[in-house]
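Q: sequence unknown, structure follows:
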């Protein structure tokens, strides 16, 4: 009953370093999403994958790349981290039913990233 | 341009009170309006959702009121409890497009 699993939970990077945030879901969902959450800004979409083999930009894609490795996994890569990318990153997946509702998103517990 | 405007940013109510959180949207193509609840250190979780063909939906102590002509919807929490203290997000979507979220409301219910 894992749902959406994100790793790592915490990370500190130096400016210019790269890293990949991992996300995996075990609900056989087709669609997966990466959001970032900043104080007072809500949740903003970075990239999404409507189905295996497709990815699309969201509202704030600059500085990020994604890979839909297979139906289960959707990773987010920061090639050259900047302090402006300090945030909490959430991965989500969407299936026909989640928590008793149609078309709901299931979110992971987040990755708290600090870029110094 | 913010697609979903949420207010207030923060809200403090006493136990048993009825906090109301409001959201407004412009895109008339939106056809699905969920609310998410987020506790500190956790990801958001779907709380309740409504489609524009109904004006109200209740799930336990949580109610969504929807006004299609005004392009507004709101979340009411009846008999609020300290355990309801969390951040609440409204969201909207048209068809299979990704959800767009409001900026969130931090609710504190004090005993």
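A: Nice, thanks for sending it over. What you are looking at is a predicted structure, and each value in this text was computed from that prediction instead of being measured.

Q: got a list of what the residue of chain B found nearest chain A touches?
A: As assessed by C-beta to the nearest C-beta, chain A sits closest to residue B:43 within chain B, at 3.3 Å. For every residue, glycine as well, the C-beta is placed using N, CA and C. Counting by C-beta atoms under 8 Å, 6 or more residues apart in numbering or on different chains, residue B:43 touches A:4, A:90, A:92, A:107, A:108, A:109, A:110.

Q: one more: residue B:63?
A: Applying C-beta under 8 Å, 6+ apart, the residues near residue B:63 are B:48, B:56, B:57, B:75, B:76, B:77, B:78.

Q: what bridges to it?
A: Per DSSP bridges, the residues bridged to residue B:63 are residue B:58, residue B:76.

Q: could you do residue A:114 as well?
A: Beta-bridge partners, per DSSP bridges, of residue A:114: residue A:12.

Q: check residue A:4 too.
A: Beta-bridge partners, per DSSP bridges, of residue A:4: residue A:25.

Q: surely it meets residue A:107?
A: Yes - Residue A:4 lies in contact with residue A:107 (C-beta atoms under 8 Å); the separation is 6.3 Å.

Q: and for the two, which residues touch both?
A: A:91, A:92, B:43.

Q: all strands for the chain, in order.
A: With no chain named, the answer covers chain A. All strands of chain A, identified by DSSP state E, fall at A:4-7, A:10-13, A:19-25, A:31-38, A:42-49, A:56-57, A:64-68, A:74-78, A:87-94, A:97-98, A:101-102, A:105-107, A:111-115.

Q: that's the wrong chain, I meant chain B
A: B:4-7, B:10-14, B:20-25, B:33-38, B:45-50, B:56-59, B:62-67, B:72-77, B:86-92, B:100-101, B:105-110.

Q: and residue B:89, what is it in contact with?
A: A:42, A:43, B:6, B:35, B:36, B:38, B:44, B:101, B:102, B:104, B:105.

Q: which among those residues count as buried?
A: A:42, A:43, B:6, B:35, B:36, B:38, B:44, B:101, B:102, B:104, B:105 (16 or more other C-beta atoms under 10 Å in any protein chain shown).

Q: enumerate the residues of chain A near chain B.
A: Listed as neighbours of chain B in chain A under the rule C-beta under 8 Å from any C-beta of the partner chain: A:4, A:31, A:33, A:35, A:40-45, A:48, A:50, A:58-59, A:90, A:92, A:98-99, A:101, A:103-110.
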